[in-house]
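Asks: Give me the fold of what follows.
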Amino acid sequence: MERYANIEFIMKPKVDFCFKELMEDAEVRRGFTAAVLHIPPEEIAETVLLPTSLRKKYEGDKLGILDVRVLLNNSTQIDIEIQVSPFPLWPERSLFYLAKMFTDQIEKGEGYERLEKCVHVGILDFILFGEDEEYYSCFHIREDLRNRLYTDKLEVHILELPKLKKNDYPETELLNWAKFMNAERQEEFEEMAEKDKYIEKAYEALKNISADDEKRLEYEAREKALRDHNYLMKSNWEAGEKIGISKGMEQGESRVNRLVQMLIANSRTEEIEKAVSDREYQQALFREFHL
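Replies: Numbers count the residues shown, from 1 in each chain. Reported below is the predicted structural model:
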């Protein structure tokens, strides 16, 4: 592969704005999806991007907003989520979105035979399973003693990116994609691009969106929102520790996460900074979004 001249600025794929932009490319989606599902890319004839807002059937329902939602040619739906901040309740969050995506497939009066397979892919920039060395985990619903598969209609894949720097793993297509998602320097991107034609395509797309001034502004705004969110989460944890209420910390964390998600979903990321510094304004936002 041809070496490129030094690039002054390049986005990080693990920032959700950048990842969503990369997934706009059909070949990039095909290559990444095939690596996660452990199938040859040629078996995926088509991928289609679906709306990422899961519908609310009732006024009191919790809003579901996905990062990337893909429909495969065999009707399998895939929810791909990037999470850069520690989120202890990630299993619960991922199951909520997975179950909502699964049940959204049928309307009242329709039969269960319409239900197709739904897959959640979580790309995490924090360690969820500290007791395990493996960076990749795949979960199904199985019987405890006989290991019998209950259904193949629900599936969860988890990639823990921080483990890549701590352990050596056998090279696979999925490992190469994980390293690409975790990369930050041009040399790292080039190394991965040389290993796989689909990752090479992703690197070409990454350079193009990084050179787009408008997209760069959006990316930097998203990075700032993530920094503000991390600061807000840290301040809530510290406040919880001072009063010694661990359960209150968990509830506060969940509430703040929902608030940030709502602000982002409503294109109000500029308000996150004020929510960090102004507690009264934060409480007003809680009331506005009924959190």
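
Asks: can you give me the helices for the stretch 151-291 of the chain?
Replies: 173-182, 186-193, 197-210, 213-243, 246-265, 272-277, 279-288 (DSSP state H, counting those that start in this stretch).

Asks: Among those helices, which comes closest to Asp132?
Replies: Of all the helices of the stretch 151-291 of the chain, it is helix 173-182 that lies closest to Asp132, at 15.2 Å by C-beta to C-beta. Bear in mind the C-beta positions are built from the backbone N, C-alpha and C, glycine included.

Asks: any idea of the mean pLDDT for that closest one?
Replies: Across helix 173-182, pLDDT averages out at 97.

Asks: now that helix against helix 197-210, angle please.
Replies: 10 degrees (axes from the mean of the first three to the mean of the last three C-alpha atoms, to 10 degrees).

Asks: returning to that earlier point: rank the helices of the stretch 151-291 of the chain by pLDDT, which is bottom?
Replies: helix 246-265 has the lowest average pLDDT among the helices of the stretch 151-291 of the chain, namely a mean of 63.

Asks: on that earlier part again, mind checking the helices of the stretch 151-291 of the chain for the one nearest to Leu145?
Replies: Comparing the helices of the stretch 151-291 of the chain by C-beta to C-beta, helix 173-182 comes nearest, at 29.9 Å.

Asks: Show me what that closest one is packed up against.
Replies: When contacts are defined as 3 or more C-beta pairs under 8 Å, 6 or more residues apart in numbering; DSSP states H and E, helix 173-182 packs onto helix 26-37, strand 136-142, strand 149-160, helix 186-193, helix 197-210.

Asks: Stretch 261-275: which residues count as buried?
Replies: By neighbour count with 16 or more other C-beta atoms under 10 Å, stretch 261-275 contains the buried residues Gln261, Met262, Leu263, Ile264, Thr269, Glu271, Ile272, Ala275.

Asks: which one among these gets closest to Phe19?
Replies: Nearest member of the buried residues of stretch 261-275 to Phe19, counting by C-beta to C-beta, is Ile264, at 14.2 Å.

Asks: Nearest residue to Glu155 in space, please, no chain neighbours.
Replies: Val119 (4.6 Å; C-beta to C-beta, 6 or more residues apart in numbering).

Asks: Pull the distance from the helix or strand the one you found falls within to the chain's centre.
Replies: Under the criterion of DSSP states H and E, Val119 resides in strand 118-124. Offset of strand 118-124 from its chain centre (C-alpha atoms, centre = their mean, to the nearest Å): 7 Å.

Asks: of the helices and strands packed on helix 173-182, which approaches Val84 most closely?
Replies: Per C-beta to C-beta, nearest to Val84 of those: strand 149-160, 12.2 Å.

Asks: tilt between that closest one and strand 118-124?
Replies: 20 degrees.

Asks: Note down every partner strand of strand 149-160 and its orientation.
Replies: strand 118-124 (parallel), strand 136-142 (antiparallel) (DSSP bridges).

Asks: for the ones you listed, which one ends up most surrounded?
Replies: Stretch with highest mean neighbour count among the strands paired with strand 149-160: strand 118-124 (a mean of 23; mean count of other C-beta atoms under 10 Å).

Asks: tell me the mean pLDDT over it?
Replies: On average, strand 118-124 scores 96.

Asks: how about the CA coordinates for it, as CSV?
Replies: Extracted as CSV, the C-alpha positions of strand 118-124 are listed here (Å, rounded to 0.1, in the frame of the first residue of the first chain):
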residue,chain,number,x,y,z
CYS,A,118,-31.3,-8.7,16.3
VAL,A,119,-27.7,-8.1,17.2
HIS,A,120,-26.1,-5.6,19.5
VAL,A,121,-22.4,-4.6,19.0
GLY,A,122,-20.8,-2.6,21.8
ILE,A,123,-17.4,-1.0,21.0
LEU,A,124,-16.2,0.2,24.5
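
Asks: And the strands in the stretch 1-150 of the chain, which stretches?
Replies: 47-49, 53-54, 64-65, 68-72, 77-83, 118-124, 136-142, 149-160 (DSSP state E, counting those that start in this stretch).

Asks: is it true that Lys12 touches Cys18?
Replies: Yes: counting by C-beta atoms under 8 Å, Cys18 is a contact partner of Lys12 at 6.2 Å.

Asks: Comparing those two, which residue is more hemmed in?
Replies: Cys18 (24 against 18; other C-beta atoms under 10 Å).

Asks: Identify the residues contacting the nearest residue to the more buried one once chain neighbours are set aside.
Replies: Once flanking residues are discounted, Cys18 sits nearest to Met11: 4.2 Å by C-beta to C-beta, 6+ apart. Listed by C-beta atoms under 8 Å, 6 or more residues apart in numbering, the contact set of Met11 reads Phe17, Cys18, Leu206, Ile209, Ser210, Arg216, Tyr219.
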